[in-house]
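Undergrad: fold the following for me, if possible:
(one chain, ligands or ions: 2)
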Amino acid sequence: MAPIRRRGNKIKGVQLTVMTVGASGTGRTTFVNTLCEADVLSHKYSDDASTAHSEAGIKIKAHNVDLEEEGVRIQLTIVDTPGFGDNIDNEFAFQEITNYLERQYDDILAEQSRIKRNPRFKDSRVHALLYFIPPDGHSLREMDISLMRRLSPRVNVIPVIGRADSLTKSELKAFKRRIMEDIEHYDIPIYNFPYDVEEDDEETIEENTELRNTLPFAIIGSEEEIEIDGEPVRARVYPWGVAEVDNPQHSDFSRLRGALLNSHLNDLKVLTEDVLYETYRTEKLSRGAYSDNRESTILPEELATQSVRLKEEQLRREEEKLREIEMRVQREIMERRQELLAKEEALRHLESRLASQGQNSPY
Ligand SMILES: Nc1nc2c(ncn2[C@@H]2O[C@H](COP(=O)(O)OP(=O)(O)OP(=O)(O)O)[C@@H](O)[C@H]2O)c(=O)[nH]1
Ligand SMILES: [Mg+2]
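TA: Ligands and ions are numbered 1, 2, ... in the order given. Here you go, the predicted structure:
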């Protein structure tokens, strides 16, 4: 028998988009290459990437890479943003990053409003933003606070300390504490591994509490391997010792990797799609919450476009409902037909039994 060919049942794996943001030289490129175990990002920007999103002066680039984590294929998209420094251009960079995040929401909003969906549409919403804090050992800078504050309503911000081996263990501990105090003080809604004491099981609560207590993740990245006891180990070598990437005593790299690519991948996606995107969508359609520095009045042509979109969406929903009803009716017809066929078959069976009984009868 010829094998049954089914369309669309190829195992695709899961897709995840992670953005890296932070001051220049905080180790973003090294981290990405360590995470992917490949040279995904180069240490110098080139202009030839086909996925380049070129804005005046700043470039935000998306890079796709396939990974495997615990047997699951992950299509990872890394969106790197250019590093920025302590200069007046920071405001421009902040705006570009916000624009990028919102543009991905706008794209899906437009796609969902179409009557006919584009089967090749790619959902490029960013599920996690790793914010790299430089290891200066003081506390958050004004720039870090304002950037995380502005981006947190749009994306799951996960703060990390880059090049964490620049600090001693006790310096790092104190630095982490001050950072979290600032985040709390300024009420920055970062991704803090949320859980619900009533709903979640003990294991989840324990795991999330532990990850929350690790924040911000102290990262050591390295594109080089050394040999320790005959085993290859990713590490940075210093005259006074070795800082190992995957050793939980040295860095939070493996904890972050596990959360991103395994334990919290789904949570990050659900929060992005059901909470952050939905909030943006509601804001965009009602334009109510845009009071800070944005224009809150709606132009008549925008209103018209919005109402056309809403109508299109309504039409699409009705179309979907009709399709569902049609399918249900068809299913019912099929079931009735099968019942009928079964009854006919039973009747034929009965007739032939009666006929053979008639032949065998002595009368
Ligand atoms: N000590 C230490 N140095 C690091 C670490 N990660 C990266 N570096 C070094 O820091 C420098 C900057 O690293 P990159 O990964 O290029 O930093 P970046 O944030 O991508 O920098 P730009 O793209 O230039 O903004 C390089 O010399 C790296 O070798 C780390 O974990 N520890
Ligand atoms: Mg870089």
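Undergrad: and after the host helix or strand of residue 75, which helix or strand comes next?
TA: According to DSSP states H and E, residue 75 maps onto strand 72-80. Next in sequence after strand 72-80, counting helices and strands by DSSP H and E, comes helix 90-113.
Undergrad: biggest strand in the chain by residues?
TA: Ranked by residue count under DSSP state E, the longest strand found in the chain is strand 59-69.
Undergrad: that strand pairs with which strands?
TA: strand 52-54 (antiparallel), strand 72-80 (antiparallel) (DSSP bridges).
Undergrad: what mean pLDDT would you report for the first one?
TA: Think strand 52-54. In this model, strand 52-54 has an average pLDDT of 43.
Undergrad: cool, stretch 248-267 as well?
TA: 94.
Undergrad: now the end-to-end length of that stretch.
TA: 23 Å (C-alpha to C-alpha, to the nearest Å).
Undergrad: which residues are contacting it?
TA: The contact list for stretch 248-267, computed with C-beta atoms under 8 Å, 6 or more residues apart in numbering, reads 14, 16, 18, 34-35, 67, 69-70, 74, 76, 127-128, 158, 160, 164-165, 193-194, 207, 211, 214, 217-221, 243-246, 268. Where C-beta positions appear, they are placed from N, C-alpha and C, glycine not excepted.
Undergrad: and with 7 Å instead?
TA: Contact partners of stretch 248-267, identified using C-beta atoms under 7 Å, 6 or more residues apart in numbering, comprise 14, 16, 18, 35, 67, 69-70, 74, 128, 160, 164, 193, 207, 211, 214, 217-220, 243-246.
Undergrad: quick one: which of those sit in strands?
TA: Checking the contacts of stretch 248-267 against DSSP E, those in strands are 14, 16, 18, 67, 69, 74, 128, 160, 217, 218, 243, 244.
Undergrad: just the closest of those to residue 178, please.
TA: Among the ones in strands among the contacts of stretch 248-267, residue 218 lies closest to residue 178 (C-beta to C-beta), at 13.5 Å.
Undergrad: excluding chain neighbours, what is closest to the closest one?
TA: Leaving aside its sequence neighbours, residue 218 sits nearest to residue 164 (C-beta to C-beta, 6 or more residues apart in numbering; 3.6 Å).
Undergrad: least confident secondary structure element in the chain?
TA: Lowest by mean pLDDT, DSSP states H and E among the helices and strands of the chain is strand 52-54, with a mean of 43.
Undergrad: and residue 118, how far from ligand 1?
TA: 34 Å (C-beta to the nearest ligand atom, to the nearest Å).
Undergrad: isn't there a helix covering that residue?
TA: No. Looking at residue 118 with DSSP: H, G, I helix; E, B strand; the rest coil, it is coil, so not inside a helix.
Undergrad: quickly note the distance from the residue positioned nearest the centre of the chain to ligand 2.
TA: Nearest residue to the geometric centre of the chain (C-alpha atoms, centre = their mean): residue 127, 2.6 Å. For residue 127, the distance to ligand 2 equals 21 Å [C-beta to the ion, to the nearest Å].
Undergrad: circling back to that earlier point, and the longest strand of the chain, what's buried?
TA: 59, 60, 61, 62, 63, 65, 67, 69 (16 or more other C-beta atoms under 10 Å).
Undergrad: would you mind confirming that the third one is in contact with residue 80?
TA: Yes. Shown here, residue 61 and residue 80 form a contact pair, counting by C-beta atoms under 7 Å, at 5.7 Å.
Undergrad: so which residue of this protein comes closest to ligand 1?
TA: Closest approach between the chain and ligand 1, counting by C-beta to the nearest ligand atom: residue 83, at 2.4 Å.
Undergrad: wait, what's in contact with that residue?
TA: Counted by C-beta under 7 Å, 6+ apart, residue 83 has contacts 22, 23, 24, 25, 26, 28.
Undergrad: so which helix or strand takes in residue 317?
TA: helix 300-360.
Undergrad: who in the stretch 51-200 of the chain is up against ligand 1?
TA: 83, 163, 165, 166 (C-beta under 6 Å from any ligand atom).
Undergrad: shaky segments in the stretch 151-300 of the chain?
TA: The model of the stretch 151-300 of the chain has pLDDT under 70 over residues 288-300.
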